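Participant: give me the fold of what follows.
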Amino acid sequence: MLRIAVCDDSSFIRGITKKSLVKYSFQNNIDVEIDEYETGELLLQAEKSGEKQHQLIFIDYEFEEKGENGIAIISEFRKFNKNTKVIFLSSYPQVVFQSFEVEAFRFLVKPLEEDKLFKAMDDFMASIAEERVLTIRVEGENFFYQESIISHIEGCGKNCILHFSDNRRAVVSNETISSVEDRLSKEDFFRCHKSFLVNMRHVESYSHTDITLSTGETILISRNKYKYFGEALADYISGKRGI
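Facilitator: Numbers count the residues shown, from 1 in each chain. Below you'll find the predicted structure:
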């Protein structure tokens with residue numbers, strides 16, 4: 001399931017964008033869920049609360065008298081989410097350079113041309129393919145999560161819980177932690193305890209009893225995994241730094 005937000009003060013533009021995205025999803029056999037927002041503030045509220053977490057955002061630059069412009073909204077969004085791709089829609093092509101200051105993925109000029117939107121979607125899907133993405137079953141549907149944003153995974157009987165680094169709510173999957181472990185990058189994830197898989201990129205510190213993550217959370221480390229974890233973390237850091 002690919003979750004997309006369309007944020008524009010014009011219901012007409014939201015409708016046109018959504019229609020094109022649905023058409024693209026049918027042509028490419030992709031399951032999508034599209035949420036509409038009339039203002040950037042509503043989008044921010046949904047993201048901050050964890051009510052909705054999107055992998056791709058289409059946002060207008062100018063909201064007339066309905067709140068801050070798209071650049072200001074995404075600037076605020078980037079304070080707690082660096083990963084979600086953002087595509088700006090605007091009738092003002094001169095603001096394209098401002099959009100890249102907030103790490104825009106693409107910039108499309110209104111009126112929206114379907115072939116250019118489809119090309120942007122092709123590029124987005126290609127970017128996902130280049131990243132390591134975990135496909136996992138949640139409530140009977142397949143969802144896609146970038147491995148980089150998963151801080152750790154917690155085993156819970158026949159289920160497992162995905163915890164994230166970007167403020168989104170934890171997700172419960174009806175898969176076991178062992179089945180998920182088999183599909184994760186062996187370089188990035190380490191089974192530090194029978195009930196925990198940790199993402200090395202989010203380790204801040206560790207002791208004989210627990211690991212502290214960049215999110216501030218702590219998870220258990222098994223006594224017999226302590227030595228091997230230290231060695232694996234050193235290898236991970238050396239590899240990332242090219243040592």
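
Participant: in stretch 48-58, what counts as buried?
Facilitator: Residues Lys52, Gln53, His54, Gln55, Leu56, Ile57, Phe58 are the ones in stretch 48-58 that count as buried (16 or more other CB atoms under 10 Å). Every residue, glycine included, has its C-beta placed from N, CA and C.

Participant: got it, and stretch 66-76?
Facilitator: Burial within stretch 66-76, assessed by neighbour count using 16+ other CB under 10 Å, is assigned to Gly67, Asn69, Gly70, Ile71, Ile73, Ile74, Glu76.

Participant: next one: stretch 165-183
Facilitator: Buried residues in stretch 165-183, defined by neighbour count with 16+ other CB under 10 Å: Ser165, Asp166, Arg168, Val171, Ser173, Glu175, Ile177, Val180, Glu181.

Participant: of those, which belong to strands?
Facilitator: In strands, judged by DSSP state E, the following of those are found: Val171, Ser173.

Participant: re the thing from before, just give me the closest of the buried residues of stretch 48-58 to Phe229.
Facilitator: Ranked by distance to Phe229 (CB to CB), the buried residues of stretch 48-58 are led by Gln53 at 29.2 Å.

Participant: does the closest one touch Ile4 like I think?
Facilitator: No. Under the criterion of CB atoms under 8 Å, Gln53 is not in contact with Ile4, lying 11.3 Å apart.

Participant: thinking again about what came up before, tabulate the buried residues of stretch 165-183 (JSON lines), appending distance to Val203.
Facilitator: What follows is those, written out as JSON lines (distance: CB to CB, whole Å):
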{"residue": "Ser165", "distance to Val203": "11"}
{"residue": "Asp166", "distance to Val203": "17"}
{"residue": "Arg168", "distance to Val203": "20"}
{"residue": "Val171", "distance to Val203": "21"}
{"residue": "Ser173", "distance to Val203": "23"}
{"residue": "Glu175", "distance to Val203": "24"}
{"residue": "Ile177", "distance to Val203": "18"}
{"residue": "Val180", "distance to Val203": "19"}
{"residue": "Glu181", "distance to Val203": "17"}
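
Participant: quick check: domain ranges of this protein?
Facilitator: Per automatic domain parsing, the structural domains of the chain span 2-130, 133-241.

Participant: how about CSV for those domains, with mean pLDDT added?
Facilitator: Below are those laid out as CSV (pLDDT from 0 to 100):
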stretch, mean pLDDT
domain 2-130, 92
domain 133-241, 92
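
Participant: which parts of this protein are helices?
Facilitator: Ranges of helices within the chain are 11-27, 40-49, 70-77, 96-101, 114-130, 177-181, 226-241, based on DSSP state H.

Participant: looking at the ones you listed, which is buried most?
Facilitator: helix 70-77 (a mean of 21; mean count of other CB atoms under 10 Å).

Participant: which secondary structure elements does that one contact?
Facilitator: Other helices and strands packing on helix 70-77, by 3 or more CB pairs under 8 Å, 6 or more residues apart in numbering; DSSP states H and E, are helix 40-49, strand 56-60, strand 85-90, helix 96-101.

Participant: show me the contacts for the closest residue to Phe189 other than its chain neighbours.
Facilitator: Of all residues not flanking Phe189 in the chain, Leu197 sits nearest, at 5.2 Å (CB to CB, 6 or more residues apart in numbering). For Leu197, the contact set (CB atoms under 8 Å, 6 or more residues apart in numbering) comprises His152, Ile153, Ile177, Val180, Glu181, Leu184, Phe189, Phe190, Arg191.

Participant: determine which two of those residues are furthest apart.
Facilitator: Largest separation among those by CB to CB: Val180 and Phe190, giving 13.5 Å.

Participant: in JSON lines: the helices of the chain, plus distance to Phe88.
Facilitator: Below are the helices of the chain laid out as JSON lines (distance: least, CB to CB, whole Å):
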{"stretch": "helix 11-27", "distance to Phe88": "12"}
{"stretch": "helix 40-49", "distance to Phe88": "12"}
{"stretch": "helix 70-77", "distance to Phe88": "6"}
{"stretch": "helix 96-101", "distance to Phe88": "4"}
{"stretch": "helix 114-130", "distance to Phe88": "10"}
{"stretch": "helix 177-181", "distance to Phe88": "35"}
{"stretch": "helix 226-241", "distance to Phe88": "31"}
